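> Prediction below, plus the sequence it came from.
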Amino acid sequence: MTAPTDPVASDSLASVPEPGNQATGDPGAPSARVSVGGVAIPGLRFRVTPQHIRDYGILVFAAALFIYFTVASSTFLTSANLLNIVYQNATIGIAAVAVTFTIIAGNFDLSLGSIFALSEVLGAWAAVHWGVAWCFPVAIGSGAIMGLINGLLVTKLRVNAFLATLASGLSFGGIAVGVTHGGLLITPTSSAFTFIGQHKAAGIWDSAIIFIVLAVILQLVLAYTVFGRHLYGVGDNRNAARLSGLKVDRTVITTFVLTGAACGLAGLIDSSMTGSGTSSQTGLAGQLALLAIAGVALGGTSIFGGVGSVWRTVLGVLMLGMITNGFDLLAVADYWQNIVRGLLIIIAVAIGFVVDRR
């Protein structure tokens, strides 16, 4: 098994040392000596590898989109608009940074939208019947329980993650409709319920702050903890990880629980934004799995597992948000948004596939 890759190390630019030092990366990759004014500097070389394109291509795409929209629209590069992009994509981002862990471990979770919807209505129901203070533990706890169910299906019953989460998502969505008696809104009367979704701190929406803080915490966990290293090992080669003594099932279950809890939090924030809980799958809940996994893939996380980073997922989600926001400002037809999103995702996945083959 290839040793688990620390994301900090893998995200740093590789360099070719002078003879006598241990080379890093692919020894067959072409290298170039750094020169200044046509004069080569001894001992300094750099390489551009497919790994660099996968890991840092997101920065190039994001910068190109940012520059284009800044030039094309006079209202794009304003603090209010940029903060609005983060705010509008906070709930998607919360789910995406968590499901990054699941995908790095080599699994998929297609039940994100249903967990989101059921947690949302359960949180709103708890706020109505038990008080607003109960909406947090109920929404987040129910999401974690649904994630635990997914994890047990995948690890103990050995059901393929794609099919397991597809089936569980249908069940969770049906329960959400049942709780709302066929899709009725659950609307808490307390103004405190809308606080987290509609309040600003220092001009920044609370939901955006939660998204940013959660992303930073998960990136640190991924980069600097034993669990993070185990996660890469499990995703890289599950059988070898098990033979090496890693608690594979426990690691996989933890990723699903984390994803479920994050979707529960996202659902609670969404219901707080609107002031009510809904089981409808026609809104964000119906698109959450697609958008979250698209952001992860666009950020360069391998769909085969073993490779990924939270910070790149954040950029992937914000890029999708920039496309929507920028095209809306330019009055571009909606179908062009989907075309551009699809092309970017295809490019990102294709690059990842080339790297994995190497």
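Sure thing, it's come through.
> only C-alpha atoms for contact and neighbour calcs from this point on.
Will do.
> other SSEs contacting the host helix or strand of residue 215?
Using DSSP states H and E, residue 215 sits in helix 206-224. On a contact count with 3 or more CA pairs under 8 Å, 6 or more residues apart in numbering; DSSP states H and E, helix 206-224 meets helix 7-10, helix 79-88, helix 90-104, helix 195-198, helix 226-236, helix 310-329.
> now with 7 Å?
The contact analysis (3 or more CA pairs under 7 Å, 6 or more residues apart in numbering; DSSP states H and E) places helix 206-224 against helix 79-88, helix 90-104, helix 195-198, helix 310-329.
> Those: which one's closest to residue 68?
helix 310-329 (9.1 Å; CA to CA).
> if we can go back for a sec, now the helices and strands packed on helix 206-224 as JSON lines including mean neighbour count?
Shown next, in JSON lines, are the helices and strands packed on helix 206-224 (neighbours: other CA atoms under 10 Å):
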{"stretch": "helix 79-88", "mean neighbour count": "17"}
{"stretch": "helix 90-104", "mean neighbour count": "29"}
{"stretch": "helix 195-198", "mean neighbour count": "18"}
{"stretch": "helix 310-329", "mean neighbour count": "22"}
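> can you tell me which of the ones you listed the model trusts least?
Set side by side, these give their lowest mean pLDDT on helix 195-198, at a mean of 86.
> just how off-centre is that helix within its chain?
With CA atoms, centre = their mean, to the nearest Å as the basis, helix 195-198 stands 22 Å off its chain's centre.
> what comes into contact with that helix?
205-207, 269-270, 272-273 (CA atoms under 7 Å, 6 or more residues apart in numbering).
> circling back: minimum distance to residue 230: which of the helices and strands packed on helix 206-224 has it?
The nearest among these, by CA to CA, is helix 90-104 at 10.4 Å.
> how much does that closest one deviate in direction from helix 206-224?
If you take axes from the mean of the first three to the mean of the last three CA atoms, to 10 degrees, helix 90-104 sits at 20 degrees to helix 206-224.
> What's the mean pLDDT across the helix or strand that residue 175 is a member of?
Using DSSP H and E, residue 175 maps to helix 161-179. Here the mean pLDDT over helix 161-179 is 94, rounded to a whole number.
> any chance of the helices and strands packed on helix 206-224 in CSV, plus distance to residue 357?
Listed next are those as CSV, based on distance: least, CA to CA, whole Å:
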stretch, distance to residue 357
helix 79-88, 35
helix 90-104, 17
helix 195-198, 44
helix 310-329, 21
